[in-house]
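Participant: The following block contains a protein sequence and its predicted model.
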Amino acid sequence: MRIRPHVHVALVLATASSAAFTLGACPPEDTGDGTTDPTSDPTRPPDATAQDTSDDTTPPDDTTPPDDTTPIDTTGGTAPADNVAFTGTFPGDLGGYREVTLTLGGAARTVGLYRPANAPAHPALFVAFHGTGGDPSNFLDEAGLRGFADRSGVVIAAPQALERNGGQGEPGDPDHYAGGDGFYGTSWNMTTGDATTNNDLLLVRAIIQAARNAWGADSDHVYALGHSNGAFFSYHAAMALRDRIAGFAENAGGAIRCAHRDASGAQFVGTGTTCAALATQAGYPTCDGPLKPIAPPSGRVPWGFLAHHNDDDIVSVAWTCTLASALGARAQTYLKGRDDNSWGHSVVDGFADRAWAYLSQRSRTD
């Protein structure tokens, strides 16, 4: 049964002209080549279809996730404060789940917070993004994030997406594309990777700093996590905010080289649990366009844990493999076939625990 939050805390994001206290400004992303465009497509790998980037640390393909019971407790990290302007704080005494309201650019936003009782003095932070039409509380349940947080000591902040362009999709978004299949509902802003103008990236910046202020969250162990539309955005946010986010975990998303996920030749359902095996099968996408929603930067590339069911008929597993190919050694894949526990366009069993087994060993400074 879904438990609705009983306490709401007001937290207001202000514009740059506000008298609110400020958190450290994240400058436009430096790609390392003298430009500030995080969406430029770097040199592509020789094989643009797929390659299996799993290594010998890949969790076994079973239904028992790792048992991560020892919380990370470091010094709080080394990232400078972010001066994105906002007012208010996360509740420092939070135990369990609560929702806070933030206002950014005149738009009211909801963020679901979960802080486990065993959170250490400087906990790692997962910023968790729900899928199309979802909400924070349900996504915590869908992805098993409450139990994961209780086992790991990681704190969770799950913002609520907005309805974009009347829910009809928009140019530049490969998932909810303009002229698509009708009403999409709420979704994440992937039209630009500029972290000084994208309202959802600004929100992520404020969430990270608020967690540092209230809970001493470790700035070197901040991660994005998402499912479906939220999976695409977890990758998008990590690349755009690579100086703030150590890595990301995506489930049933990836990156697309076709015009969008429903373009001709973009849909594929396969068998097997490696990208190498899937890439040899009939119908595997051969699109050769720019990587969307964003390309990995030429500078630091955040770590990625990439999960997908091979029978997903909504967002093809091929797009997780395409992302794996683009990230190379900076990612680990976990591909899964259908079983009695999970299948299709759903969250794979033990997603957060499996992701944490990989990401907890990797930080913003790696």
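Facilitator: Okay, I see it.
Participant: Find the residue at the geometric middle of this protein.
Facilitator: Geometric centre of the chain, nearest residue: Ser234, 1.9 Å, by C-alpha atoms, centre = their mean.
Participant: just checking, what's the longest helix in the protein?
Facilitator: helix 199-215 (DSSP state H).
Participant: circling back: next, the contact list for the residue nearest to the centre of the chain, please.
Facilitator: Phe129, Ala224, Leu225, Gly226, Phe248, Ala249, Glu250, Gly253 (C-beta atoms under 8 Å, 6 or more residues apart in numbering). Quick note: C-beta positions are derived from backbone N, CA and C, even for glycine.
Participant: returning to that earlier point: what's the following helix or strand after the longest helix of the chain?
Facilitator: strand 222-227 (DSSP states H and E).
Participant: Tell me which strands that following strand pairs with, and in which orientation.
Facilitator: Sheet pairing of strand 222-227 (DSSP bridges) gives strand 125-129 (parallel), strand 247-251 (parallel).
Participant: so for whichever helix or strand comes after that strand, what's the average pLDDT?
Facilitator: Going down the chain from strand 222-227, the next helix or strand is helix 229-240, by DSSP H and E. In this model, helix 229-240 has an average pLDDT of 97.
Participant: Helix 229-240 relative to strand 247-251, how many degrees between them?
Facilitator: Per axes from the mean of the first three to the mean of the last three C-alpha atoms, to 10 degrees, the angle that helix 229-240 makes with strand 247-251 is 160 degrees.
Participant: picking that back up, of the strands paired with strand 222-227, which stretch is the most buried?
Facilitator: strand 247-251 (a mean of 31; mean count of other C-beta atoms under 10 Å).
Participant: Tell me the buried residues in the helix or strand following that strand?
Facilitator: For strand 247-251, the succeeding helix or strand toward the C-terminus, using DSSP H and E, is helix 275-279. Neighbour counts over helix 275-279 (16 or more other C-beta atoms under 10 Å) mark Cys275, Ala277, Leu278, Ala279 as buried.
Participant: Give me the helices and strands touching the following helix or strand past helix 275-279, please.
Facilitator: Per DSSP H and E, the first helix or strand lying C-terminal to helix 275-279 is strand 303-309. Here strand 303-309 touches strand 247-251, helix 317-327, strand 331-336, helix 351-359, going by 3 or more C-beta pairs under 8 Å, 6 or more residues apart in numbering; DSSP states H and E.
Participant: The shortest one to helix 351-359, inter-axis angle?
Facilitator: An angle of 150 degrees separates the directions of strand 247-251 and helix 351-359 when computed by the same axes, to 10 degrees.
Participant: Give me the contacts around strand 247-251.
Facilitator: By C-beta under 8 Å, 6+ apart, strand 247-251 touches 143, 223-228, 231-232, 234-235, 237-238, 302-308, 320, 323, 347-348, 351-352, 355, 359, 362.
Participant: Stretch 117-126 now?
Facilitator: So stretch 117-126 is contacted by 71-77, 95, 115, 145, 149-150, 152-157, 208, 211, 215-218, 221-225, 352, 360 (C-beta under 8 Å, 6+ apart).
Participant: Buried members of those into ChimeraX, please.
Facilitator: With 16+ other C-beta under 10 Å as the criterion, this ChimeraX line picks the buried residues out of those:
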select :71,72,74,76,77,115,145,149,150,152,153,154,155,156,157,208,211,215,216,217,218,221,222,223,224,225,352,360
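Participant: quick one: buried residues of stretch 185-203?
Facilitator: Quick answer for stretch 185-203 (16+ other C-beta under 10 Å): 186-196, 198-203.
Participant: low-confidence ranges in the stretch 51-200 of the chain?
Facilitator: 51-74, 88, 166-169, 178-184 (pLDDT under 70).
Participant: let's see 50
Facilitator: Across the stretch 51-200 of the chain, the ranges flagged by pLDDT under 50 are 51-63.
Participant: could I get the buried residues of helix 275-279 as CSV with pLDDT and distance to Glu99?
Facilitator: Putting those into CSV (pLDDT from 0 to 100; distance: C-beta to C-beta, whole Å) gives the following:
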residue, pLDDT, distance to Glu99
Cys275, 97, 38
Ala277, 97, 43
Leu278, 97, 39
Ala279, 96, 43
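Participant: if we take these, which one ends up nearest to Ala161?
Facilitator: Nearest to Ala161 among the buried residues of helix 275-279: Cys275, at 28.6 Å, using C-beta to C-beta.
Participant: Do I have it right that the closest one meets Ala324?
Facilitator: Yes - using C-beta atoms under 8 Å, Cys275 makes contact with Ala324 at a distance of 5.6 Å.
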